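K.L.:
I would like to see how this sequence folds:
(2 chains)
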Amino acid sequence: MKDKDNVNARSLAYIPYYLWVVLFVIAPVVLVVYYSLFDVSGRFTLSNYADFFTPVYLSMTLSSFWYAFLITLFSLLIAYPAAYLLTRTKHKQLWLLLIILPTWINLLLKTYAFIGIFGTSGPINALLGSIGFGEQQLLFTSGSFVFVSIYIFVPFMIMPIYNALEELNVSLTDAARDLGASGWITFRRVIFPLTLSGVKSGCISVFIPALSLFMITRLIAGNKVITLGTAIEQHFLVTQDWGMGSTVAVFLIVAMAVIMFLTGGSRKGVRK
Amino acid sequence: MRKKNGISNLYLVLVFAVLYAPILYLMFYSFNSGGTMHGFESFTLDYYKEVFADTRLIIIVINTLVIALLSSTIATIIGVFGSLAIENMRRARLKNTLLSLNNVLIVSPDVIIGASFLILFTMVGIKLGFASVLISHVAFSIPITVLMILPRLQEMSPTLLDAARDLGASKRDVFTKVVLPFIRPGIFSGFFMALTYSLDDFAVTFFVTGSGYSTLAVEIYSRARQGVSLSINALSTLIFLFTVFLVVAYYISMRRGEKRKLADAAARMGVPE
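P.N.:
Residues are numbered from 1 along each chain as shown, chains lettered A, B, ... in the order given. Next up is the predicted model:
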């Protein structure tokens, strides 16, 4: 009898968690799909989906993916060597902490800093002026948007790659060298394949948020860059067209699921 | 070889310089009496006085801290039982499903979380404001705490529980005297992760906050959209110093923890200290 009571008490303690799963994981997705089937005036319709497959939204989606791809690629190119060099330093815990530290500063503050840095009388323009390029309009361009996004995301790319490099067995690279592999071949054939899991999780943690950024686009790019995230924010909070916003959200969820499925499957393979 | 080292050091220095330059730039101009983020005129502390005189801003800072502490505490408690629920799941398929469901919010973009929670709150009829922000922060912190606690639970050997039970511990004792102490490091790191996620969040809060209630990130966003105001710079300097203080404290405690772990391992192997 006492045992049964205990079992009940235990399942009672699990209830908040299960409730959370139902209310905040399953219900929101269902609600987004449900809302995507209604237009502004609350009529049941598929017109939102028809609207989504018009050139306006398709080109927006395409450019959103293109920017996210660029941001991910450049973050990777910058982060990989940095992570690699970090593993070779003394006091690497301290250096890693210094990489993580800026991520604790709210990203809005960092974005705000760039309003001053890229401003027409900011330091970058002063530098350009002294080399003889004259004053440029840097703010409210797509280039500055990509730069600021890379700046924000590089630490998130460094961390998983650093962890993967740390797990790498040093004797493997030693073996490659002993067997006559050059530095480049050791990297390409041994180090990079073995740290692919870190690269993948880094890319996921950059690509998905990059698809849905809206504060950086608003503050830095003006209305030059419209991402899927900007569209969702616009529909939900400005035009109040929740149906269309939900439709874009559904598309983003599907894209996310596809990415997770593709990379998740192969990540299991690497771990094996 | 030495030359190669020089180049790699240069690269790292460059990465760190770019990483910290914007933050230092913000801090530097918080002392500019000129009122702009360029052309430093003379040193002033006016903007700091402005920050401390701005009661609205101070209330918002307090709001942000209250939300962060409350939400991560609640999320950690629910997360402990959530990880137990996952760990005690007998059927492997159910367990995997529950784990995937747990991770959905971690990989979801903030905009989606914010928008879907907004729909949820309006449907259920929760007024946008303190309650909706708190509930959202608890909701997106729970999976993080579970992910930090679960590995510790999996490390725990079942024989430990058997031993406790054989020695006459009640289920309650097993939980409070064996399980909880064992997973304590996971609970702490889960709590801190939840805290940083909550403090750092902008997008989710932006969606679910009403007009009367604001957190720091949302407030900075609306001020920054109106242009440069050096009180934001002063505020970010204060936040940065506070963060550095926290990090140094964390680093020192971590070092201490490592030493203790080393001592533990040594003791286990029978090496006298």
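K.L.:
from the stretch 101-250 of chain A, which residue is nearest to chain B?
P.N.:
With Cβ to the nearest Cβ, the shortest gap between the stretch 101-250 of chain A and chain B falls at residue A:116, namely 2.9 Å. Every residue, glycine included, has its C-beta placed from N, CA and C.
K.L.:
what sits up against the helix or strand containing residue A:216?
P.N.:
Using DSSP states H and E, the element containing residue A:216 is helix A:215-220. Taking Cβ atoms under 8 Å, 6 or more residues apart in numbering or on different chains as the criterion, the residues outside helix A:215-220 that touch it are A:107-108, A:111-112, A:114-115, A:118, A:139-140, A:144-145, A:148-149, A:152, A:225-227, A:229-230, B:202-203, B:206, B:221, B:224-225.
K.L.:
Return the subset of these lying in helices.
P.N.:
Under the assignment DSSP state H, the contacts of helix A:215-220 contribute A:107-108, A:111-112, A:114-115, A:144-145, A:148-149, A:152, A:229-230, B:203, B:206, B:221, B:224-225 to helices.
K.L.:
about what we covered before: what about the residue of the stretch 101-250 of chain A closest to chain B, how many residues nearby?
P.N.:
Other residues lying near residue A:116 total 21 when counted by other Cβ atoms under 10 Å in any protein chain shown.
K.L.:
Run through the residues that contact it.
P.N.:
Contacts for residue A:116 were tallied using Cβ under 8 Å, 6+ apart; they are A:122, B:25, B:26, B:29, B:36, B:37, B:38, B:228.
K.L.:
can you put those in TSV and add pLDDT, distance to residue A:36 and neighbour count?
P.N.:
Output for the contacts of residue A:116, formatted as TSV (pLDDT from 0 to 100; distance: Cβ to Cβ, whole Å; neighbours: other Cβ atoms under 10 Å in any protein chain shown):
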residue	pLDDT	distance to residue A:36	neighbour count
A:122	80	42	20
B:25	91	43	19
B:26	89	40	26
B:29	90	45	23
B:36	80	45	16
B:37	79	42	26
B:38	79	46	18
B:228	80	39	17
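K.L.:
Sort out for me which of the residues you listed are in helices.
P.N.:
Within those, membership in helices is found for B:25, B:26, B:29, as judged by DSSP H.
K.L.:
Surely the first one touches residue A:119?
P.N.:
No: with contact defined as Cβ atoms under 8 Å, residue B:25 and residue A:119 do not form a contacting pair (11.2 Å).
K.L.:
tell me, what's touching those two both at once?
P.N.:
Both residue B:25 and residue A:119 are contacted by residue B:37, under the criterion Cβ under 8 Å, 6+ apart.
K.L.:
quick revisit: what is the nearest of the contacts of residue A:116 to residue B:186?
P.N.:
Residue B:186 lies nearest to residue B:26 out of the contacts of residue A:116, by Cβ to Cβ, at 35.1 Å.
K.L.:
right, and that closest one touches residue B:238 too?
P.N.:
No: the pair residue B:26 and residue B:238 does not pass the contact test of Cβ under 8 Å, sitting 11.2 Å apart.
K.L.:
Pick the one among the ones in helices among the contacts of residue A:116 closest to chain A.
P.N.:
Within those, the smallest distance to chain A is 4.5 Å, found for residue B:26 (Cβ to the nearest Cβ).
K.L.:
Please list all residues in contact with that closest one.
P.N.:
Listed by Cβ under 8 Å, 6+ apart, the contact partners of residue B:26 are A:109, A:112, A:113, A:116, B:37, B:233, B:236, B:237.
K.L.:
Format these as CSV; extra columns: distance to residue A:21.
P.N.:
Conversion of the contacts of residue B:26 to CSV gives the following (distance: Cβ to Cβ, whole Å):
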residue, distance to residue A:21
A:109, 34
A:112, 37
A:113, 39
A:116, 44
B:37, 46
B:233, 42
B:236, 37
B:237, 41
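K.L.:
neighbours around residue A:66, how many?
P.N.:
The local packing of residue A:66 (other Cβ under 10 Å) involves 11 other residues.
K.L.:
Pull up the gap between it and residue A:250, please.
P.N.:
Here residue A:66 is placed at a distance of 21 Å from residue A:250 (Cβ to Cβ, to the nearest Å).
K.L.:
ok, back up a step: need the worst-confidence member of the contacts of residue B:26.
P.N.:
The weakest per-residue confidence within the contacts of residue B:26 falls on residue B:37 (79).
K.L.:
which residues does that residue contact?
P.N.:
Counting by Cβ under 8 Å, 6+ apart, the residues that residue B:37 touches are A:115, A:116, A:117, A:119, A:122, B:25, B:26, B:29, B:228, B:230, B:233.
K.L.:
List the residues that contact the third one.
P.N.:
By Cβ under 8 Å, 6+ apart, the residues touching residue A:117 are A:123, A:124, B:21, B:22, B:25, B:37.
K.L.:
same deal with the fourth one?
P.N.:
Residue A:119 makes contacts with A:125, A:138, A:139, B:37, B:38, B:228, as judged by Cβ under 8 Å, 6+ apart.
K.L.:
which one of those residues is nearest residue A:88?
P.N.:
For the contacts of residue A:119, the residue nearest residue A:88 by Cβ to Cβ is residue A:138; the value is 35.1 Å.
K.L.:
Tell me if I'm right that the closest one and residue A:124 touch.
P.N.:
Yes: with contacts counted by Cβ under 8 Å, residue A:138 reaches residue A:124, the gap being 6.1 Å.
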